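**Q** Predicted model and sequence follow; I will ask about them next.
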Amino acid sequence: MTYTLTRRLAIVATASLALLAAPAAAQDWKPIKPVEMVIMAGQGGGADRLARLFQSIIQKEKLSSMPLLPVNKGGGSGAEALRYLLDKEGDNHTIMATLNSYYTTPLRTDIGVNIEEFTPIARMALDTFVLWVNADSDVHTLDDYVAAVKASGGTWKMGGTGTGQEDSLVTAMLEKEFGITMTYVPYGGGGDVAKNLVGKHVDSTVNNPSEAMGFYNAGRLRPIAALTPDRIAAFPDTPTMGELGHDLVYWMQRSFVAPKGMDPAAVAYYTSMFEKLSQTEEWQSYMSEQALLNEFLTGDALQAYFIEERGKHADLLNAIGEGS
Amino acid sequence: MDLLAHLAEGFATSLSPVNLMIVIIGVTAGLFIGAMPGLGSVNGVAIVLPLTFIVPPSSAIILLAAIYYGAMYGGAISSILLGIPGASTAVATTFDGRPMAQQGKAGLALIAAAVASFVGGTISVVLFTLFAAPLADLALAFGPAEEFALVLLAFTTFVGLGGDDVLKTIIMICLGLVLSTVGLDLISGQPRLIFFDQPGFYSGMSFLVLAIGVYGVGEILHTIETSKTAPQVTPARLTFGSLWLGIKEMNKLWRTMSFGSFIGFFVGMLPAAGATPAALMAYGLAKLMSKNPDSFGKGNIEGVAAPETANNAASTGSLLPMLTLGIPGSPTTALLLGGMVMWGLVPGPMLFIEQPDFVWGLISSLYTANLFAVLVNIALIPVFVWALRMPFTVLCAMVLVLCIVGGYAPSQKMHDVWLIAGFGAGGYLLRKADYPLAPLVLAIVLGPLMEKSFRQTLIAEQGNMMAFIERPLSATFIAISAVFFLLPLLKHFRRMTRRNGASERPAE
Amino acid sequence: MLMADRLIAVGIMALSAYFMWHATVLPIGWNGMTGGPGGGAFPFWLSAVMLVTAGAILIRSLRGKTAYSGNFFDLDTLRSVISVFIALVITIALIGWAGAYVALPLFILWYLKIFGKHGWVLTASLTFGTPVFLFFFFEVTLKILLPKGLTEPVFTPLYAIFF
């Protein structure tokens, strides 16, 4: 079974098409009041940090005529934000910053939300996943890792953010691929997870590079393998799972969506705003520092991507017995 | 000396005229934001953060530090004057601060809070300067088991001392803990206790909503009832003479304040804990060590000084894991962390080596901001005290408006405002029936951390309950909490046996 | 007073039972798969403790072992408490519909003029001053938008000026 969750080439191609097709009507509409930027996560998480970075760049580069006001609605793994967006039908001054819980939360709990109804705006980037161990550990390669987990007899502790979200899905993927069992310990946030790995309270993690970068630079953490198709520029010596003969790829998407029924002119305005944002120097350098992949995507292609991803996540959740 | 040279350089920047102006503006803005129930440093920092990309980084750090400290000082103001803790860190300040204000000693309480905050801030910045790097490793040693033990300790230092009806205290603790579980179960990722299928409950019940409801609306309703026609709020008088007297009064509290500072710094430094347990522990310990513990909760100045030193020390302490480990201990530090990343700084163990200019600039800004925060605060005390002299019906109307707006602001949901009204009515009735409200508020603050760390430990240790006492750090904390819990019982027991006389001494 | 004590105890018991019923949606026992208690265990068992403790208070009260006397409510002032609370509820309901900038001034107007019997100068200055302060403090400075309900369009020109 393979878990390739993106078809990069196809997506890049459609993304450029979507950009070309962006209507010139974008100039006609402007926000007349501050734009609410709903964040599907609590304050201080990776999604929140990114959303506030966008807010800052937009403000600094004057990309919007009205300020963007971030509002955190992270309750219920984003269920709160999704319900909120549902109630905002037809509102031209609300956008939402999403992450993968955009699909997993409605799949796991019935909250009366169908993400197909929302209006896609733009996908800013894909975040990557890397398998980490403590730098003091004896595990240097993926083979060491599998052997160590097997030797522990199921007591190997894998730390991750939440349950039924990205980290636990990746853990389940690893377990299935290598025929191993681990004890998954859920934490509140990526920084917390990384700290617990450095403090040896867990044995391994699948942190995003941005969460582990500080410790990696200090030589406290060791990347074992990347769950990406190509090597990550920041870790040139870390092999990908594919190179090691395991077809494991998983992404975290960072996108913006809008409520159902937003005026097409407003959609065009926000789309072009994020397009300009994606070309700013600040964002480009942030992406390269934090090992994010620049995968800008808009419009129908983005919606198709969301629906495809939702299908894959439904399969994944079913496979680990988490689906509803 | 390397350290001093770095520091001197930092001071040179932070004391330039422009930066001094920034500090004063930042501190004043922070004070007012912090004094508003419902708003805290997180709001101030969130607003300023985007601006920091426009001004030079050194000024940006100073502005952030000034707002951060200003808001920490400001939290005490609403606790003392209105009895509403504006932030969870200021809960313990209400216990004695509010009674002092009711006795007409609001000015003294505010001075005590300001001076104590200054002492706490200063001691912790010094500790920060000297030991930042080695202490980071201590924070790493804290896993879920240690976190649980620490929360337990925070609970027992406080609850073990209660003089209220035991049964009613138990109910209030349980109620607070149950309310804290509303929303999402982190461990299983499932929603729980979503009453009436209202989406507003997905984000849980925040401490602020409960505190504003119970202490704000509930307290106002209670005052309206007890005040009859002629409202009785002792007018506070304040002259420069009494201001000076107040500062001299603080001189007697060195022991409490230094204790509070150390507890605050060390507890605040631990990523998960933060300033709230620190303030509670400092309050509990001050009461425990006091010669007349019964005066606590009735307007003892020590009961204001202890938590205020601790929460300010802790907010400095909580910068340490943020800088050295990249882990935010509070929403505010999380925002600051985001800011650092945007400035192109990578928080982590290497920060002190790779970016000394930033680190020492920040530390010297902390010194400056702290100094100006206390000065601006003391200068403004007469203004705050004057606010209390408004006619009672005016004050009530204004406080209720603040409760509504302050309850709405953090989450921007009307759902929370309705909850505030509900908690207000509930708190009013419970208070009349002699149910203690402090344990309720404490439990909702500490509950989530307690449950999470308890269950994380058991998952990681395959359900082995012994895990908590097998680890030396957590075993120590649990032992200390056991002592704190048993101490009042022991005292009570001894008093009983003494009263019964030697002949009737129980066999045990 | 005794009666109120009992009623509140019964109320807490009912509330605990309601919480317990809600908590059973998630496993309340030891979770064999992950180790440790299930997601419903904390709220369920804590509510159970509440139920038992409130029961104990009820029994204690029925046995007459409490030292309460007098009326629970001060009947002279209860009217004021209830009218303030009702005004508060109406205000909150009005915020959702007509917005904070209509509801809050009306509340202040009622409280100062009708309930507090203050003069027109004070009433008017606070009734008009408070929304202006709220707008500049929350919306302009802190960028926290207050709910506006029906009055939303009125604010469009203000946004254009201040943002």
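**A** Received the coordinates, thanks. Every value quoted in this text rests on a predicted model; they were computed, and no experiment measured them.

**Q** tell me which parts of the stretch 201-324 of chain A are close to chain B?
**A** Counting by Cβ under 8 Å from any Cβ of the partner chain, the residues of the stretch 201-324 of chain A close to chain B are A:201-202, A:210-211, A:213-215, A:217-218, A:220, A:282, A:285-286, A:289-290. Any C-beta I mention is one placed from the backbone N, CA and C, and that applies to glycine too.

**Q** Now the buried members of the residues you listed.
**A** Among these, the ones that count as buried by 16 or more other Cβ atoms under 10 Å in any protein chain shown are A:201-202, A:210-211, A:213-215, A:217-218, A:220, A:282, A:286, A:290.

**Q** hey, which strand is longest across chain A?
**A** Looking across chain A with DSSP state E, the single longest strand is strand A:119-127.

**Q** Can you name every helix or strand that whatever helix or strand comes next after that one contacts?
**A** On the C-terminal side of strand A:119-127, the closest following helix or strand by DSSP states H and E is strand A:130-134. Helices and strands touching strand A:130-134, by 3 or more Cβ pairs under 8 Å, 6 or more residues apart in numbering or on different chains; DSSP states H and E, are helix A:142-152, helix A:190-198, strand A:204-205, helix A:209-217, strand A:221-226.

**Q** so what strands line up beside strand A:130-134?
**A** strand A:204-205 (antiparallel), strand A:221-226 (antiparallel) (DSSP bridges).

**Q** Take those strands and write them to a markdown table, including mean pLDDT and mean neighbour count.
**A** A markdown table is the format used below for those (pLDDT from 0 to 100; neighbours: other Cβ atoms under 10 Å in any protein chain shown):
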| stretch | mean pLDDT | mean neighbour count |
| --- | --- | --- |
| strand A:204-205 | 94 | 28 |
| strand A:221-226 | 94 | 22 |
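
**Q** How about the closest residue to chain C within the stretch 51-200 of chain B: what's its closest non-neighbour residue?
**A** Going by Cβ to the nearest Cβ, chain C is nearest to B:Asp185 of the stretch 51-200 of chain B, at 3.7 Å. Excluding its sequence neighbours, the residue lying closest to B:Asp185 (Cβ to Cβ, 6 or more residues apart in numbering or on different chains) is C:Gly39, at 3.7 Å.

**Q** May I have the phi/psi pair for the residue of the stretch 51-200 of chain B closest to chain C?
**A** The phi and psi values for B:Asp185, taken as degrees, to the nearest 10, are phi -90, psi 110.

**Q** how deep is C:Ile161 tucked in, by neighbour count?
**A** Residues near C:Ile161, counting by other Cβ atoms under 10 Å in any protein chain shown, number 7.

**Q** Show me how far the one helix or strand it maps to is from its chain's centre.
**A** Assigned by DSSP H and E, C:Ile161 belongs to helix C:152-162. Relative to its parent chain, helix C:152-162 has a centroid offset of 31 Å by Cα atoms, centre = their mean, to the nearest Å.

**Q** same question, stretch B:359-366
**A** For stretch B:359-366, the separation from the chain centroid amounts to 23 Å (computed by Cα atoms, centre = their mean).

**Q** Give me the distance between the closest residue to B:Ile170 other than its chain neighbours and B:Leu167.
**A** Using Cβ to Cβ, 6+ apart and skipping the chain neighbours, the partner closest in space to B:Ile170 is C:Thr53 (5.0 Å). Using Cβ to Cβ, to the nearest Å, C:Thr53 is found at 5 Å from B:Leu167.

**Q** Around whatever residue of chain C ends up closest to chain A, how many other residues sit close by?
**A** Closest residue of chain C to chain A, Cβ to the nearest Cβ: C:Tyr159 (4.6 Å). Residues contacting C:Tyr159 under the criterion other Cβ under 10 Å number 17.

**Q** Check the contact between it and A:Leu69; I expect there is one.
**A** No: counting by Cβ atoms under 8 Å, C:Tyr159 stays clear of A:Leu69, with 11.5 Å between them.

**Q** Find the residues that touch each one of those two.
**A** Common contact partners of C:Tyr159 and A:Leu69 (Cβ atoms under 8 Å, 6 or more residues apart in numbering or on different chains): A:Pro34.

**Q** Check which helix or strand the residue nearest to B:Asp165 when sequence neighbours are not counted maps to.
**A** Nearest residue to B:Asp165, sequence neighbours excluded (Cβ to Cβ, 6+ apart): B:Asp434, at 6.3 Å. Here B:Asp434 sits in a region with no helix or strand, counting by DSSP H and E.

**Q** Repeat that for the one 10 residues further on.
**A** With elements taken from DSSP H and E, the one containing B:Ile444 is helix B:438-460.

**Q** the inter-axis angle of that helix versus helix A:190-198?
**A** Here helix B:438-460 points in a direction 50 degrees away from that of helix A:190-198 (axes from the mean of the first three to the mean of the last three Cα atoms, to 10 degrees).

**Q** Give me the helices and strands touching the next helix-or-strand element following helix B:438-460, please.
**A** Next helix or strand after helix B:438-460 toward the C-terminus (DSSP H and E): helix B:467-470. Judged by 3+ Cβ pairs under 8 Å, 6+ apart, the packing partners of helix B:467-470 are helix B:144-159, helix B:438-460, helix B:472-500.

**Q** B:Gln462: how many residues sit nearby?
**A** That count, for B:Gln462 with other Cβ under 10 Å as the rule, works out to 14.

**Q** Okay, helices next: where are they in chain A?
**A** All helices of chain A, identified by DSSP state H, fall at A:8-21, A:46-60, A:79-87, A:101-108, A:142-152, A:166-178, A:190-198, A:209-217, A:264-278, A:281-289, A:299-319.

**Q** which of those sits most buried?
**A** The highest average neighbour count among the helices of chain A, using mean count of other Cβ atoms under 10 Å in any protein chain shown, belongs to helix A:190-198 at a mean of 26.
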